[in-house]
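1. Take a look and give me a structure for this.
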Amino acid sequence: MGRYLLRRLAFLLVSLALSSVVLFVLLRLLPGDPANALTSVGASPEQIAAARHSIGSDRPLPEQFTHWLGQLASGDLGTSFVSSLPVGPEVSARLNVTVPLTLAAFVLAVVVAVPVGFVAAYKRHTWYGAVLSGISQLGIAVPVFWLGMILIAVFALNAGWLPSGGFPQDGWAAPAEAIRSLVLPVVTIALVMGASLIRYVRSATLDVLGSDYLRTARALGASFPRAMWRHGLRNASVPVISILGIELASTLLGAVVVESVFALPGLGSLLATGIAQHDYPVVQGVLFVSTLAVLLIGFAADLVQRLIDPRLRGRLSGGAR
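-> Residues are numbered from 1 along each chain as shown. Down below sits the predicted model:
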């Protein structure tokens with residue numbers, strides 16, 4: 001296991017380094033000049049050149065990249081071209097919205113999807129099993145922004161139970177208001193994510209229900225709940241854990257849509273603003289942190305799979321020898 005962890009950590013670091021190169025190059029290929037965000041309309045060529053010099057965009061690309069890597073190595077995400085403020089504290093402040101939003105939606109989706117997916121598989125020949133499967137397919141097809149607007153119209157504008165958007169200026173210093181402002185965004189993400197998870201849980205459960213080892217356990221006298229608990233649950237959870245990691249990572253990256261619908265000051269809105277203003281340090285900082293989070297989520301999901309599946313541990317031991 002120690003060798004495996006070292007290999008995975010090395011792979012994570014190499015992936016992060018390659019992602020940094022790709023991110024830096026792609027940003028410089030985008031049309032537009034970041035100096036335009038610092039100058040007024042109709043600025044003279046001298047003013048634009050001075051703005052480029054002040055932010056360092058007139059330096060050779062290798063020099064800019066080396067400077068950025070040096071900042072990353074010291075834990076510095078750089079300074080915004082537009083606001084002249086450090087990017088790190090701004091990203092950290094936005095994570096206080098995005099991380100609770102993502103984790104709460106993830107937990108809610110899992111709590112709903114796992115039992116519903118199991119029932120949809122176990123009762124697949126009944127009418128309500130078919131209804132559950134149909135609802136999950138419908139949920140996958142619904143755009144997240146459309147669902148968010150429907151929830152705003154029903155629960156915020158018509159019923160007035162919850163705010164339609166925004167986040168308290170005091171942040172989590174006003175916990176009740178902060179939680180109320182995240183209820184609709186969390187439900188929006190959880191419904192879409194849960195619909196997808198139901199399908200995967202149902203598929204994994206069907207594979208287990210049709211397996212030889214489950215039939216053998218039942219033939220030896222084990223009750224269905226006992227056979228599922230001792231033999232089916234672990235096997236069904238292995239592919240689901242992989243999907244959970246993918247869903248969590250994609251939700252973190254796709255939060256920009258929900259944050260835009262609900263006007264939340266999260267990481268997604270910071271990224272959208274940075275792209276619109278060609279603020280390279282802000283965009284680089286947000287995407288670097290997001291990439292690191294995605295790689296860590298994938299690493300954790302892979303580790304959990306190997307811990308619960310003895311077949312993967314055996315394969316790992318064989319490879320180590």
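
2. Figure out the helix or strand that the residue positioned nearest the centre of the chain lives in.
-> Nearest to the mean C-alpha position of the chain, by CA atoms, centre = their mean, lies residue 252 at 2.2 Å. Per DSSP states H and E: residue 252 is located in helix 233-253.

3. mind listing what's buried in that helix?
-> By neighbour count on 16 or more other CB atoms under 10 Å, the buried set for helix 233-253 is 235-238, 240-249, 251-253. In this view, the C-beta of every residue, glycine as well, is placed from N, C-alpha and C.

4. for the stretch 151-300 of the chain, what are the low-confidence residue spans?
-> Low-confidence segments of the stretch 151-300 of the chain, defined by pLDDT under 70: 231.

5. Show me the strands in it, by range?
-> Counting by DSSP state E, counting those that start in this stretch, no segments of the stretch 151-300 of the chain form strands.

6. mind listing the helices in the stretch 101-250 of the chain by residue range?
-> Secondary structure of the stretch 101-250 of the chain (DSSP state H, counting those that start in this stretch): helices located at 127-141, 144-151, 175-209, 212-219, 224-227, 233-253.

7. Which one of these lies nearest to residue 66?
-> helix 233-253 (27.5 Å; CB to CB).

8. by contact count, what packs against that closest one?
-> Packing partners of helix 233-253 (3 or more CB pairs under 8 Å, 6 or more residues apart in numbering; DSSP states H and E): helix 87-122, helix 175-209, helix 280-308.

9. Figure out which of those is closest to residue 8.
-> helix 280-308 (5.8 Å).

10. buried residues in the closest one?
-> 280-291, 293-295, 297-299, 301-302, 304-306.

11. between that helix and helix 87-122, how big is the angle?
-> Relative orientation of helix 280-308 versus helix 87-122 (axes from the mean of the first three to the mean of the last three CA atoms, to 10 degrees): 40 degrees.

12. Against which helices or strands is helix 280-308 packed?
-> Packed next to helix 280-308, using 3+ CB pairs under 8 Å, 6+ apart, are helix 2-29, helix 87-122, helix 233-253, helix 267-276, helix 310-320.

13. what is the mean pLDDT for the second one?
-> Averaging the model's pLDDT scores along helix 87-122 yields 89.

14. and that helix, which residues are buried?
-> Those would be 87-88, 90-91, 94-98, 100-102, 104-106, 108-110, 112-114, 116-122, for helix 87-122 by 16+ other CB under 10 Å.
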